[in-house]
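Participant: for reference, the sequence and a predicted model appear below.
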Amino acid sequence: MPHNALTARPAPANLGRLRLFVQQLAQLLEQQPPEAQILDHGAQLLRALVSHDDWLPEAFAQPDPERYQQFLLHADALQRFSIVSFVWGPGQRTPIHDHRVWGLIGMLRGAEYSQGFARQADGRLQAAGEALRLEPGQVEAVSPQVGDIHQVANAHADQVSISIHVYGANIGAVKRAVYDLDGTEKPFISGYSNSLLPNFWDLSKEPPQ
Ligand code: FE
């Protein structure tokens with residue numbers, strides 16, 4: 001990707017923002033609050049994280065021409081939560097899928113559509129309302145309690161979009177499902193696109209606080 005002095009993002013990435021988010025989320029979950037509180041307070045924390053686009057290292061912002069990328073940024077030691085950078089190439093989308101745990105989706109760059117689905121009495125899936133369009137700084141929640149089946153798509157046909165997702169488990173290892181509109185369910189374990197994680201613990205690389 002060509003960069004010049006006018007368009008280059010600040011370097012190095014401001015990883016302190018990601019570290020702070022990890023710490024705040026761990027503190028929140030340490031209190032074992034009810035899910036509604038996790039979604040509410042967690043959304044505030046995630047909104048703060050995605051309201052700045054200066055911290056995601058380039059390695060975790062790279063699209064792939066074949067399929068959308070899911071870069072693990074951090075997994076909690078007890079698998080209580082994971083943080084994933086979703087990178088959508090132009091026009092890319094997920095299949096219709098579920099999560100089985102709570103999740104928060106924060107838009108960092110570009111825009112995406114999330115279309116919720118509800119199961120009908122005959123077992124078929126039907127779109128539940130209009131697709132939600134997420135713009136940078138906005139956050140959406142999913143969970144078996146608030147609506148867990150959706151399909152996410154890059155809102156742009158000609159540019160990359162990136163959203164930061166947080167889940168109440170090591171999401172890449174969760175046994176969940178993708179769906180056809182007729183309600184057919186297929187087992188799905190997403191895994192991750194990366195083998196290396198960002199190192200946000202080298203405090204010597206950061207300006208003094
Ligand atoms: Fe999802």
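Facilitator: Cool, the structure landed. Numbers count the residues shown, from 1 in each chain.
Participant: would you list the phi and psi of His156?
Facilitator: His156 adopts backbone torsions of phi -110, psi 130, taken as degrees, to the nearest 10.
Participant: excluding sequence neighbours, find me the nearest residue to it.
Facilitator: Gly110 (5.5 Å; CB to CB, 6 or more residues apart in numbering). All C-beta spots, glycine's among them, are computed from the backbone N, C-alpha and C.
Participant: the one you found contacts Ala153, correct?
Facilitator: No: using CB atoms under 8 Å, Gly110 makes no contact with Ala153, being 11.3 Å away.
Participant: now do the shared contacts for those two.
Facilitator: Each of Trp88 lies in contact with both Gly110 and Ala153 under the rule CB atoms under 8 Å, 6 or more residues apart in numbering.
Participant: all helices in this structure, in order from the N-terminus.
Facilitator: 16-30, 35-50 (DSSP state H).
Participant: can you list the low-confidence ranges for the protein?
Facilitator: In the predicted model, the chain carries pLDDT under 70 at residues 1-11, 207-209.
Participant: quick check, central residue of it?
Facilitator: His165 (1.8 Å; CA atoms, centre = their mean).
Participant: just list the residues touching it, thanks.
Facilitator: Ile83, Val84, Ser85, Phe86, Gly103, Leu104, Ile105, Gly106, Ile171.
Participant: any of these buried? List them.
Facilitator: By neighbour count, with 16 or more other CB atoms under 10 Å, the contacts of His165 hold Ile83, Val84, Ser85, Phe86, Gly103, Leu104, Ile105, Gly106, Ile171 as buried.
Participant: isn't the first one up against Val22?
Facilitator: Yes: at 7.0 Å, Ile83 counts as touching Val22 under the criterion of CB under 8 Å.
Participant: which neighbours do the two share?
Facilitator: Shared contacts of Ile83 and Val22 (CB under 8 Å, 6+ apart): His74.
Participant: excluding sequence neighbours, find me the nearest residue to Val160.
Facilitator: Val160 sits nearest to Pro63 (CB to CB, 6+ apart), 4.8 Å away.
Participant: okay, now the one you found: neighbour count?
Facilitator: Around Pro63 there are 19 other residues, counting by other CB atoms under 10 Å.
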